[in-house]
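Undergrad: Structure of the sequence below:
(one chain, ligands or ions: 2)
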Amino acid sequence: MKALISALSGTPSDKDLDKAPDILRGRPTFAPQSKSEIRDLLKPALSTPCTCDHCASMDYIDHWSLCDSKKHLFEDLQIPPRRRPLFRDDRRPFNALYLARATVKYFARRVDRLEASQQTAIEYLQTMFGDEAFIEALDMDDCRNVDQGLMLEIVKNLARAFFFDEVKIDQFRWKEGYSRLVEKKGVWMFTLHPTAFDTEVPSSKATQRIGTILHELTRMFLLMNACQTCTWASKDNVNTLGRGRAWHIIAKAIEEIGSGLLHLEHIDLRRQASLLVDVQDGLDHPSLHDLRIYAFEYLVTVKHEVEDRLPAKYEPEDLLGADLEDMLTLKTARDDDD
Ligand SMILES: [Zn+2]
Ligand SMILES: [Zn+2]
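TA: Residues are numbered from 1 along each chain as shown. Ligands and ions are numbered 1, 2, ... in the order given. Next up, the predicted model:
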């Protein structure tokens, strides 16, 4: 990839960092791009048993096999209409998947059922993202002129809109290096790279920056609130970066529902690149069911392989004979039936 993306938190090796231009120190920058490389990486999903709460439901019902230290109940995260989930401190931390599902439910409710401070946050964000001068400033190659106090309000309101204010944020700084939320001497600081963006994706720089903030908020929300000692489930559902199955469930919903809520054409949390680097690093082992839920199943299916085998000198539409076309149509139809 010639042009690269915003610097998302990750676990880059020194070798990768050497290759990276100074402004881009994010691991998803180096996510595999070729279809065959991606397929090889994700192929183990075809034989990986799924450990999600739907496929392995009995394991989640038997609390003590799930977690040594805590009995996690779905009821811990009830959301009454026009309210936020009742976060009882004695129930923390929560089962990561129950938390993810409650979170999606929280912002996917009918607009008239949203909670009051959530409504206010969404209206504020709609106003800001509809403000041409602000979006123009956020779309600059270098964003350092955008007021940091204003950016703090944006980040805080995103946390209110999607994460019921359960992410701690005290300050915002434009800063080169990873874009992330970190704690130092009791102060939670959100740092965003002022000049990192990807020219090869359709999203504007402003949209990419909003996506990066949401990527990081989702990760930190899970690391702050989801149980990381669930015996076998936390490595799949949270993972050490906070970017496991629970992250993917929330991230996909933010991309699909959040854009409508915030009146943005597009939100991109770099889900595919993040999954690929986490699989590469051995942090994630998605099942085929996971890939289906993430809408990435196509990356390991026949259609993808057929496209890959087409000689490069022909355009796919020139070469797709009737037989191949039928095959692909049948495959799509079968997928739709599922
Ligand atoms: Zn599953
Ligand atoms: Zn647990």
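
Undergrad: name the element the residue nearest to the spatial centre of the chain belongs to?
TA: In the chain, the C-alpha nearest the mean C-alpha coordinate belongs to residue 251, at 3.4 Å (CA atoms, centre = their mean). Residue 251 belongs to helix 245-253 when assigned by DSSP states H and E.

Undergrad: Ok, residue 127 next?
TA: Assessed by DSSP H and E, residue 127 sits inside helix 116-129.

Undergrad: helices or strands next to that helix in the packing?
TA: helix 148-163, helix 259-262 (3 or more CB pairs under 8 Å, 6 or more residues apart in numbering; DSSP states H and E). In this view, the C-beta of every residue, glycine as well, is placed from N, C-alpha and C.

Undergrad: Going by neighbour count, which residues of the last one are buried?
TA: When you say that, I think you mean helix 259-262. Within helix 259-262, the residues scored as buried using 16 or more other CB atoms under 10 Å are 259, 261-262.

Undergrad: what's residue 243 in contact with, if anything?
TA: 219, 274, 278, 283-284 (CB atoms under 8 Å, 6 or more residues apart in numbering).

Undergrad: What subset of those residues is buried?
TA: Buried residues within the contacts of residue 243, counting neighbours by 16+ other CB under 10 Å: 219, 274, 278, 283-284.

Undergrad: Relative to the whole chain's centre, how far out is the longest helix seen in the chain?
TA: Counting residues, the longest helix in the chain under DSSP state H turns out to be helix 205-225. Relative to its chain's centre, helix 205-225 lies at 8 Å (CA atoms, centre = their mean, to the nearest Å).

Undergrad: and that helix, average pLDDT?
TA: The average of the pLDDT scores along helix 205-225 is 94.

Undergrad: tell me the angle of it relative to helix 245-253?
TA: Relative orientation of helix 205-225 versus helix 245-253 (axes from the mean of the first three to the mean of the last three CA atoms, to 10 degrees): 150 degrees.

Undergrad: Spell out the residue ranges of the helices in the stretch 201-338 of the chain.
TA: Secondary structure of the stretch 201-338 of the chain by DSSP state H, counting those that start in this stretch: the helices cover 205-225, 234-237, 245-253, 259-262, 271-280, 288-293, 302-309, 316-319, 322-337.

Undergrad: weakest of these by average pLDDT?
TA: Lowest mean pLDDT of these: helix 316-319, a mean of 34.

Undergrad: Give me the contact list for the helix or strand hosting residue 180.
TA: Secondary structure from DSSP H and E places residue 180 in strand 180-184. In this structure, residues lying in contact with strand 180-184 by CB under 8 Å, 6+ apart are 9, 167-169, 188-191, 216-217, 220.

Undergrad: got the buried residues for it?
TA: For strand 180-184, the neighbour count (16+ other CB under 10 Å) marks 180-181 as buried.

Undergrad: Please name every helix or strand in contact with the next helix or strand after that strand.
TA: Remark: after strand 180-184, the chain's next helix or strand is strand 187-192, criterion DSSP H and E. Other elements packing on strand 187-192 under the criterion 3+ CB pairs under 8 Å, 6+ apart are helix 148-163, strand 171-174, strand 180-184, helix 205-225.

Undergrad: Deepest in the core, which of those is it.
TA: Mean neighbour count (mean count of other CB atoms under 10 Å) peaks for helix 205-225 among the helices and strands packed on strand 187-192, with a mean of 24.

Undergrad: packing partners for that one?
TA: helix 96-108, helix 132-138, helix 148-163, strand 180-184, strand 187-192, helix 245-253.

Undergrad: CSV for the ones you listed, including distance to residue 205?
TA: What follows is the helices and strands packed on helix 205-225, written out as CSV (distance: least, CB to CB, whole Å):
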stretch, distance to residue 205
helix 96-108, 25
helix 132-138, 7
helix 148-163, 14
strand 180-184, 19
strand 187-192, 12
helix 245-253, 20
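
Undergrad: quick one: strands adjacent to the strand holding residue 180?
TA: Neighbouring strands of strand 180-184 in its sheet, by DSSP bridges, are strand 187-192 (antiparallel).

Undergrad: ok, back up a step: separation between the residue nearest to the centre of the chain and ligand 1?
TA: Noted for residue 251: a distance of 17 Å to ligand 1, by CB to the ion, to the nearest Å.

Undergrad: residues near the residue nearest to that residue when sequence neighbours are not counted, how many?
TA: Residue nearest to residue 251 in three dimensions, not counting chain neighbours: residue 269, with 4.3 Å by CB to CB, 6 or more residues apart in numbering. Counted with other CB atoms under 10 Å, residues neighbouring residue 269 total 27.

Undergrad: Residue 213 is in contact with residue 269, correct?
TA: No. Between residue 269 and residue 213 there is no contact under CB atoms under 8 Å: 9.7 Å.

Undergrad: The closest residue to residue 222 other than its chain neighbours: neighbour count?
TA: Spatially, and ignoring its direct neighbours in sequence, residue 222 is nearest to residue 242 (4.5 Å; CB to CB, 6+ apart). Applying other CB under 10 Å, we find 20 residues neighbouring residue 242.
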